[in-house]
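**Student:** My questions are about this predicted structure, shown below with the sequence.
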Amino acid sequence: MDFTQLPAILTPDLGLLFWMMLAFLVVFGVLAKYGFPAIINMVDERNKYIDDSLRKAHEAQERLANIEQEGESILQEAREKQAQILKEAAETREVIVEQAQAKARQEGARLLEEARVAIEQEKKAAIADIRQQVATLSVEIAEKVLRASLKDDASQMALIDRMLDDVSSKD
């Protein structure tokens, strides 16, 4: 291959190569002294910011997990309290029903006793009334019988003697 026919840009001569190398070293030196530390500093700051953000995100995730656990425990506690309240309400209802039944039984027994007493009083009053009516009827019948049988003085005297004999014999 013949390098003489190539354009000058592709085959630089030694002077151009020297000046290019010198310019490159100056630019590299300036960049190494001022540019690279700034770039490395920004990359380090960005790395710290990312690490800090990841740490904060991890902490937030842990807090969220803790909050979820607390929420679950609060929910479980609320369920337990609800079950306890329902149980207490059922027990209270049973006690109230039992008290109402006992009161109803007592009231029924009291009413039954009052009815028995009223019936007994009515029975006694009826018996007394019947006795009074029987006595009245007996007196009336006895009066009619005595009038019919004691029309004359002899029959009245015979009755009086018999009654006196009965009274004396009892003594």
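**Tutor:** Done, it's in.
**Student:** pLDDT below threshold where in this structure?
**Tutor:** The chain contains residues with pLDDT under 70 at 1-4, 6-11, 148-151, 171.
**Student:** any idea which helix is longest in it?
**Tutor:** helix 36-149 (DSSP state H).
**Student:** Let me know the next secondary structure element after that one.
**Tutor:** With elements assigned by DSSP states H and E, the helix or strand that comes after helix 36-149 is helix 153-170.
**Student:** Tell me the helices and strands packed up against that next one.
**Tutor:** helix 36-149 (3 or more CB pairs under 8 Å, 6 or more residues apart in numbering; DSSP states H and E). Any C-beta I mention is one placed from the backbone N, CA and C, and that applies to glycine too.
**Student:** Mind giving me the packing neighbours of the helix it packs on?
**Tutor:** Helix 36-149 is packed against helix 153-170, with contacts defined by 3+ CB pairs under 8 Å, 6+ apart.
**Student:** Can you check what angle separates the helix it packs on from helix 36-149?
**Tutor:** Calculated by axes from the mean of the first three to the mean of the last three CA atoms, to 10 degrees, helix 153-170 forms an angle of 130 degrees with helix 36-149.
**Student:** Could the C-alpha coordinates of helix 153-170 be exported in PDB?
**Tutor:** Output of helix 153-170 as PDB, limited to C-alpha atoms (Å, rounded to 0.1, in the frame of the first residue of the first chain):
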ATOM      1  CA  ASP A 153    -153.800 -25.400 124.100                       C
ATOM      2  CA  ALA A 154    -153.200 -29.100 124.900                       C
ATOM      3  CA  SER A 155    -150.900 -29.600 121.900                       C
ATOM      4  CA  GLN A 156    -148.900 -26.500 122.900                       C
ATOM      5  CA  MET A 157    -148.500 -27.800 126.500                       C
ATOM      6  CA  ALA A 158    -147.400 -31.200 125.300                       C
ATOM      7  CA  LEU A 159    -144.700 -29.600 123.000                       C
ATOM      8  CA  ILE A 160    -143.400 -27.400 125.900                       C
ATOM      9  CA  ASP A 161    -143.200 -30.500 128.200                       C
ATOM     10  CA  ARG A 162    -141.200 -32.400 125.600                       C
ATOM     11  CA  MET A 163    -138.800 -29.500 125.100                       C
ATOM     12  CA  LEU A 164    -138.300 -29.100 128.800                       C
ATOM     13  CA  ASP A 165    -137.600 -32.900 129.200                       C
ATOM     14  CA  ASP A 166    -135.100 -32.700 126.300                       C
ATOM     15  CA  VAL A 167    -133.300 -29.700 128.000                       C
ATOM     16  CA  SER A 168    -133.200 -31.400 131.400                       C
ATOM     17  CA  SER A 169    -131.900 -34.700 130.000                       C
ATOM     18  CA  LYS A 170    -129.000 -32.900 128.300                       C
END
